[in-house]
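> take this sequence and fold it.
(chains A, B, C and D)
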2 protein chains.
Amino acid sequence: MTDATPARSADAAPTRTPRPRRTRPATLERREEILRAAMRVFGSKGYHQGSLAEVAEQVGITHAGVLHHFGSKDRLLTEVLEFRDRVDVEHLEGQHIPGGLDLFRHLVKTAAINAERPGIVQAYTVLTGEAVTDGHPASAWVTERFTGLRADIAGALREVIEERRAAGDTDTDYELTDAALDLAASTIIGAMDGLQIQWLLDPEAVDLAESTAFAIEAILASTLAGARRPRPLD
Amino acid sequence: MTDATPARSADAAPTRTPRPRRTRPATLERREEILRAAMRVFGSKGYHQGSLAEVAEQVGITHAGVLHHFGSKDRLLTEVLEFRDRVDVEHLEGQHIPGGLDLFRHLVKTAAINAERPGIVQAYTVLTGEAVTDGHPASAWVTERFTGLRADIAGALREVIEERRAAGDTDTDYELTDAALDLAASTIIGAMDGLQIQWLLDPEAVDLAESTAFAIEAILASTLAGARRPRPLD
DNA sequence: TTTCTCTTACTGACGAGTAAGTAATGTGTG
DNA sequence: CACACATTACTTACTCGTCAGTAAGAGAAA
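Next up is the predicted model:
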């Protein structure tokens, strides 16, 4: 039984360099094109309903060409998600990631910008919704994304409250638990996501920017008011 | 060009009655079984990813049997949605649909109940998320559902405010526009839906009942406080 | 001449819908 | 009441389409 694979290390001439070539710049661009196309397709049709053929067509190749670059549909999806993360971060490059009240202003501004690009919002919403199905390849990513967002927002909340305390605001001297901050953070994220769904389905009926701003202000006010705020349901 | 279809009305013996037989009770039960199975399947896998074969298997027949009853997968989905509507209404039978503050208490209680039945929540969330994809058969249903919910909640809000005015609460004598009520209504619905997503993905991280209650109280308080509430972002 | 990019061509699987047939369950007629 | 025959509730066995993934090779680049 002879080895069918060519002998590599054993007696290859030492003159032979291992020859790494790797990615040309044109190829990297190609891959980004594919990622962008995939984002459009998965965003409008969902992951399961979107096909590799459709992604391929948008960049003028065949579906096998896409598989050459990404190996499988699952891997394509995860690379799309990582790519989005990278792009989002680059977008903030130069500017620091805002904290404190600025984070909330940033969220409101983002909603206003998103109201002009339904495609992005749809992509995010579809993938997030799909991720709660059993065994979906994006569910880990979405879950971690939520975890990160909650931490960021809870942190910003803490900053705001501590700032006010430092300024001698006696309205804020209640117990400040992590749980309460997380609660507010989840609620803000939830409201933003839920409003996006309604807006996508019926843009006439919901003003994305305005309702997002309202939600954040309401939750912020309630959180800052702490335990002493009258609870309307009691 | 002769008519290939047998002459029906022209000279058929008047003795022939059209013979309607229709559905036996056992059949109706069978169809309900199928609808319940379909809800489970579409709820856990989504509409596109869930197959007729899987639905059929759960009631012990073949996928062709399902098609015999419902004609097509699309029709099955719409009948599932109509069935859910019917069941939900029956569930409230006897009790009046609550209005005013009771509606909000009802929403909070529903969230607490839902925290014990992730299947239902998942079904609702998956279908809603999928509905924002292009040309999805459930999008009309979901859109109308949101429209109805917004109207109900906005109406309840109006009731609450008018009650307080009647009681002489001067805190509520600001302009009361429909737009403001709809805004609050969308936000409450959005928060509930968004929190469900996070809870499904990470039940440890989010307390569905508590966060929903918090969201509703915060938005309610903000709305009742009207225009005079300090706006933290300004 | 090796490596990379991509195509053509194929496989295997799965899924919705159709067609034809079968067994059971009624229903109208004599 | 009995018989004939509609109608129902399915099954089996397809068709047709789609889609992910594979294999082999061609042309270009390095």
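
> just the pLDDT for A:Pro98.
On the pLDDT scale, A:Pro98 is placed at 84.

> which SS class is it?
coil (DSSP: H, G, I helix; E, B strand; the rest coil).

> who are the contact partners of whichever residue of chain A sits closest to chain B?
Taking Cβ to the nearest Cβ, chain B has its nearest neighbour within chain A at A:Gly129, 1.6 Å off. C-beta coordinates here come from the backbone N, C-alpha and C atoms, glycine included. By Cβ atoms under 8 Å, 6 or more residues apart in numbering or on different chains, A:Gly129 lies in contact with A:197, B:125-126, B:128-130, B:132, B:197.

> ok, 10 Å please
A:46, A:136, A:142, A:193, A:197, B:46, B:125-133, B:193, B:197 (Cβ atoms under 10 Å, 6 or more residues apart in numbering or on different chains).

> so which of the residues you listed are in helices?
A:142, A:193, A:197, B:125-130, B:193, B:197 (DSSP state H).

> please identify which pair of these lies farthest apart.
Across the ones in helices among the contacts of A:Gly129, the longest distance by Cβ to Cβ is 17.3 Å; it joins A:Val142 and B:Leu127.

> number of nearby residues for the closest residue to A:Leu35 other than its chain neighbours?
Excluding the flanking residues, the one nearest A:Leu35 by Cβ to Cβ, 6 or more residues apart in numbering or on different chains is A:Phe83, at 4.7 Å. Neighbour count of A:Phe83, defined by other Cβ atoms under 10 Å in any protein chain shown: 17.

> any residue of the stretch of helix or strand A:Phe83 belongs to touching DNA strand C?
Here A:Phe83 sits within helix A:73-91, counting by DSSP states H and E. No: Helix A:73-91 stays clear of DNA strand C (Cβ under 7 Å from any atom of the strand), getting no nearer than 11.8 Å.

> so does the helix or strand just after that helix get close to chain B?
Heading C-terminal from helix A:73-91, the first helix or strand you meet, by DSSP H and E, is helix A:101-114. Yes: under the criterion of Cβ under 10 Å from any Cβ of the partner chain, chain B is reached by helix A:101-114 at A:101-102, A:104-105, A:107-108.

> same thing with stretch A:63-82?
No: applying Cβ under 10 Å from any Cβ, one finds stretch A:63-82 separated from chain B by no less than 13.3 Å.

> what about that stretch, average pLDDT?
The average pLDDT within stretch A:63-82 is 96.

> just stretch A:165-177 next, same as before
Across stretch A:165-177, the average pLDDT comes to 75.

> elements contacting the helix or strand harbouring A:Val160?
With secondary structure defined by DSSP H and E, A:Val160 is part of helix A:139-166. With contacts defined as 3 or more Cβ pairs under 10 Å, 6 or more residues apart in numbering or on different chains; DSSP states H and E, helix A:139-166 has these neighbours: helix A:73-91, helix A:101-114, helix A:118-131, helix A:178-201, helix A:208-225, helix B:178-201.

> in JSON lines: these, plus distance to B:Ser72.
Output for the helices and strands packed on helix A:139-166, formatted as JSON lines (distance: least, Cβ to Cβ, whole Å):
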{"stretch": "helix A:73-91", "distance to B:Ser72": "27"}
{"stretch": "helix A:101-114", "distance to B:Ser72": "36"}
{"stretch": "helix A:118-131", "distance to B:Ser72": "23"}
{"stretch": "helix A:178-201", "distance to B:Ser72": "23"}
{"stretch": "helix A:208-225", "distance to B:Ser72": "35"}
{"stretch": "helix B:178-201", "distance to B:Ser72": "29"}
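
> do stretch A:212-220 and chain B meet?
Yes: remark: stretch A:212-220 sits within contact range of chain B at A:212-220, by Cβ under 10 Å from any Cβ.

> contacting residues around the lowest-mean-pLDDT helix or strand in chain A?
Lowest on mean pLDDT, DSSP states H and E among the helices and strands of chain A sits helix A:73-91, with a mean of 90. Helix A:73-91 is contacted by residues A:31-32, A:34-39, A:41-43, A:47-48, A:50-52, A:55, A:63, A:66-67, A:69-72, A:97, A:120, A:123-124, A:127, A:136-138, A:140-142, A:145, A:148 when judged by Cβ under 10 Å, 6+ apart.

> okay, the angle between the helix holding A:Val160 and helix B:178-201?
For helix A:139-166 against helix B:178-201, the angle by axes from the mean of the first three to the mean of the last three Cα atoms, to 10 degrees is 120 degrees.

> now do helix A:139-166: distance to the chain's middle.
Offset of helix A:139-166 from its chain centre (Cα atoms, centre = their mean, to the nearest Å): 15 Å.

> what angle separates that helix from helix A:118-131?
On the basis of the same axes, to 10 degrees, helix A:139-166 is oriented at 110 degrees to helix A:118-131.

> give me the buried positions along helix A:139-166.
By neighbour count on 16 or more other Cβ atoms under 10 Å in any protein chain shown, the buried set for helix A:139-166 is A:139, A:141-143, A:145-146, A:149-150, A:152-154, A:156-157, A:160-161.

> how far is the helix or strand that contains A:Ala26 from where the chain is centred?
Under the criterion of DSSP H and E, A:Ala26 resides in helix A:25-45. Distance of helix A:25-45 from the chain centroid (Cα atoms, centre = their mean) equals 16 Å.

> what helices and strands are in contact with that helix?
With contacts taken as 3+ Cβ pairs under 10 Å, 6+ apart, helix A:25-45 sits against helix A:52-58, helix A:63-70, helix A:73-91, helix A:118-131.

> identify, out of those helices, the most deeply packed stretch.
Across the helices and strands packed on helix A:25-45, averaging neighbours per residue (mean count of other Cβ atoms under 10 Å in any protein chain shown) puts helix A:118-131 on top, at a mean of 22.

> got a winner among the residues of stretch A:212-220 next to chain B for most neighbours?
A:Ala215 (32 neighbours).

> you'd agree that residue is up against B:Thr223?
No: A:Ala215 lies out of contact with B:Thr223 (Cβ atoms under 10 Å); the separation is 11.3 Å.

> what's the overlap in contacts for these two?
Common contacts of A:Ala215 and B:Thr223 (Cβ under 10 Å, 6+ apart): B:183-184, B:187-188.

> which one of those is nearest to A:Arg165?
For these, the residue nearest A:Arg165 by Cβ to Cβ is B:Thr187; the value is 28.5 Å.
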